[in-house]
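**Q** Build the 3D model from these lines:
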Amino acid sequence: MNPQICDPDVLMLASIAGTLKHDYVREGVNDPWTGSPFAWIRTRPSRQVGKIGEQLVAGWCAAKGLDVTASGDSEADRIIAGRRVEIKFSTLWETGVYKFQQIRDQDYEFVVCLGISPFDAHCWVISKVRLRQHVIGHTPQHTGKGGTDTFWLSFNPASPPAWLAPCGGRLAAAYKIMNKWQTRR
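**A** Take a look at the predicted model:
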């Protein structure tokens, strides 16, 4: 059942809202996310978006045959193929970059960065050693006295930093890295 607006003042207000909408909402041919199976994720609050990212990575890894369990503590998100993993998630920003945020120096071996574009996905599996060389201690997310514990990684997926080359990029490349963990244990 479609509710109908009968009150003339509500109709007038709805009409005004309709003219304002294009100033606030990107949709239609101008919105690259139109028709994307991932578009709904962008409508969720940021705390939920992070959880959705964790669930996407866990579900994808499990579907690919990797063992996935909860880490049991807040220092890592999952145990994937026997490795402690922190999961970072980003949708493509309007500026054409992924921003993987809240990267901390915690008890994990790897960070899995999953980036979702309207009709594509990218994934990097980054060792903590490599993160310390290029991110942790180098790209603070916040400034000021309290800004020394969180870092971020921001780049265009079409031209990631050279140091990320051995860490994946395509989902298949990221899977190849994680699949080796199972064979080495």
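
**Q** any idea of the pLDDT on the residue nearest the centre of the chain?
**A** Per C-alpha atoms, centre = their mean, the C-alpha nearest to the average position across the chain is that of Phe89, at 1.7 Å. Phe89 is assigned 96 on the pLDDT scale.

**Q** and what of Gly137?
**A** For Gly137, the model assigns a pLDDT of 76.

**Q** Tally up the residues packed near it, please.
**A** 12 (other C-beta atoms under 10 Å). For the C-beta atoms, the positions are set from N, CA and C on the backbone; glycine is no exception.

**Q** Just give the nearest non-adjacent residue to it, would you?
**A** In space, and not counting its chain neighbours, Gly137 is closest to Phe151: 7.4 Å by C-beta to C-beta, 6 or more residues apart in numbering.

**Q** Find me the pLDDT at the one you found, would you?
**A** At Phe151, pLDDT is 87.

**Q** do the same with Val29
**A** 58.

**Q** Verify the stated contact: the residue nearest to the centre of the chain with Gly53.
**A** Yes. Contact criterion C-beta atoms under 8 Å: Phe89 and Gly53 qualify, at 2.3 Å.

**Q** list the residues that contact both of those two?
**A** Leu114 (C-beta atoms under 8 Å, 6 or more residues apart in numbering).

**Q** gap between the residue nearest to Gly137 and Tyr108?
**A** As judged by C-beta to C-beta, to the nearest Å, Phe151 and Tyr108 stand 14 Å apart.

**Q** Okay, the residue lying closest to Arg170 once chain neighbours are set aside and Pro32: tell me how far apart.
**A** Among residues not flanking Arg170 along the chain, His122 sits closest, at 6.9 Å (C-beta to C-beta, 6+ apart). Separation of His122 from Pro32 (C-beta to C-beta) stands at 15 Å.
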